[in-house]
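Asks: My questions concern the predicted model and sequence given below.
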Amino acid sequence: MKRSHVLIFWGILVAILLLSFLIFRATQDQRTIKADLAELSNIRYGLFSVDEWKQVAAGIIAGKIGELELSGENKAVMRQKISAFLYEVIEDFEARFYEERSRSLKGIIQSGVASLTGTFDKLKQDVPMFTDQIIDFLDDPQSKEALRSYLVEQLDKYTLETFAQIDYTMHDQIIAGHGYEHHEAAIAGLKAGIDMMERSSRPYKIAIIVMVLAAAMLFILIKNPSKTEFLIISGISLTLLIPGVTLPMIEIDARISALSFSLLGEPISFRDQVLFYQSKSILEVVRIMFGHRGLDMLAVGFLILAFSVLFPAAKLIATVFYIYSEHLRKQGFVRTLVFRTGKWSMADVMVIAIFMALIGFNGIITDQLHQIENLAAGVEVLTTNNSGILSGFWFFTAFVLMSLLVSQKLQAGK
């Protein structure tokens, strides 16, 4: 019976090692793609992008010019307005012409000639002809296209002179790196890739959960585990600890799912605008905190490193020494790590809880997103908080439970 238990435990350990490696590799690939997707969906390339708004404005201009159809009642109203404008311009020019030329002899002679020849009266008589020519020009497709091109050109000139330009270096590198030709294709392709990776790795995660539970239940049922069984269970705990501290534990993803409003009668919509995205593992958080010069950050980084990495690893090593070495078993330091640190056994879980609360701000993010939704009337805003717990958290939790189980069994058999 003992031999069969050992074989089962060895099989579970090898299987967890293999599956953990596969999950680690898949998670790293998926994480890279998620980060690239978040970058492409960043709000600075959408709602906050001058180039995006230029396209929106150009579309509106093209639409409005295309809607300019001069026919029927619309044409009559336009004719009336153009004629009134031309008459006003001619009369204004006539008044200024006579006023300016009344100040000199030469000007008086010119005014007299203009009056005798009826120059301005002739211009007024030709207003209907001028009006028809203007209407024909406005109704010509080539003229509409020329007007649209001119307005778009002026818009480009204005934005270049007024707004800072967006740096698309990283944006373009991501698209080219994944082999896509444009932004929309890259977004769709990366989303599909993430979904496919998630589906392919899900059976591995389920299998690890089942095997960890099976190993724990079997170990609990064994009354007097052998040294080999203790060693294998400790190995399983270590196998769970490594991905627990190297894989991301939490993902923070705050975005505007949809923002819709009307501009000059035209519907405008922006979708999947990422406000903030981040995912970090325990070791990455420690490295970031050690990179700060502030003593408070260094202290927090050291506490996370100590309780989440150093202390659990030292406890596992001390457990192995206690099981296999009669000499070390009598050492006070080893016995303290194995038996007298029970009250500290949940300190690592506490640190992770603080870690999650520190970088998650789940409730705060949700509250801020709801405030964005209520900012403006007439603007339909749908926000979402996709923050969630990732594989690293579950690996670390499984390690903590297995480590506690080993300590309890040693305590009971002491």
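Replies: That came through, no problem.

Asks: residue boundaries of the strands in the stretch 201-350 of the chain?
Replies: 250-263, 266-280 (DSSP state E, counting those that start in this stretch).

Asks: So for the last one, what gets flagged as buried?
Replies: If I follow you right, that is strand 266-280. F270, D272, Q273, V274, L275, Y277, S279, K280 (16 or more other CB atoms under 10 Å). No exception for glycine: its C-beta is placed from N, CA and C like everyone else's.

Asks: Also the first one?
Replies: Within strand 250-263, the residues that count as buried by 16+ other CB under 10 Å are I250, E251, I252, D253, A254, R255, I256, L259.

Asks: elements contacting it?
Replies: The contact analysis (3 or more CB pairs under 8 Å, 6 or more residues apart in numbering; DSSP states H and E) places strand 250-263 against strand 266-280, helix 347-360, helix 362-373, strand 380-385, strand 388-389.

Asks: angle of that strand against strand 266-280?
Replies: Strand 250-263 runs at 170 degrees relative to strand 266-280, counting by axes from the mean of the first three to the mean of the last three CA atoms, to 10 degrees.

Asks: now strand 250-263: how far from the chain's centre is it?
Replies: Using CA atoms, centre = their mean, to the nearest Å, the mean C-alpha position of strand 250-263 is found 9 Å from that of the whole chain.

Asks: What of the last one?
Replies: Remark: strand 266-280 is offset 7 Å from the chain centroid, using CA atoms, centre = their mean.

Asks: What are the contacting residues of that strand?
Replies: Contact with strand 266-280 is made by 31, 34-35, 38, 41-43, 46-47, 52, 56, 59-60, 63, 187, 248-262, 288, 359, 365, 369, 390, as judged by CB atoms under 8 Å, 6 or more residues apart in numbering.

Asks: one step back: of the strands of the stretch 201-350 of the chain, which shows the lowest average pLDDT?
Replies: Mean pLDDT is lowest for strand 250-263 out of the strands of the stretch 201-350 of the chain, coming in at a mean of 77.

Asks: who does it pair up with?
Replies: When pairs are called by DSSP bridges, strand 250-263 turns out to pair with strand 266-280 (antiparallel), strand 380-385 (antiparallel), strand 388-389 (antiparallel).

Asks: mean confidence for the last one?
Replies: Strand 388-389 comes out with an average pLDDT of 76.

Asks: Show me what that strand is in contact with.
Replies: For strand 388-389, the surrounding residues in contact (CB under 8 Å, 6+ apart) are M249, I250, E251, D253, M356.

Asks: mind checking how far L19 is from A216?
Replies: Between L19 and A216 the computed distance is 16 Å (CB to CB, to the nearest Å).

Asks: quick one: which of those two has more around it?
Replies: Between L19 and A216, counted using other CB atoms under 10 Å, L19 has the larger neighbour count: 20 against 16.

Asks: list the contacts for the more buried one?
Replies: So L19 contacts Y204, A207, I208 (CB under 8 Å, 6+ apart).

Asks: What count of nearby residues applies to Q30?
Replies: By the criterion of other CB under 10 Å, Q30 has 22 neighbours.

Asks: brain fart, M249
Replies: Residues lying near M249 (other CB under 10 Å) number 27.

Asks: before we move on, what about L305?
Replies: Number of residues near L305 (other CB under 10 Å) recorded here: 20.

Asks: From G235, how far off is the closest residue in space to it that isn't next to it in sequence?
Replies: Nearest non-adjacent residue to L305, counting by CB to CB, 6 or more residues apart in numbering: V286, 4.7 Å away. Distance of V286 to G235, computed by CB to CB: 24 Å.
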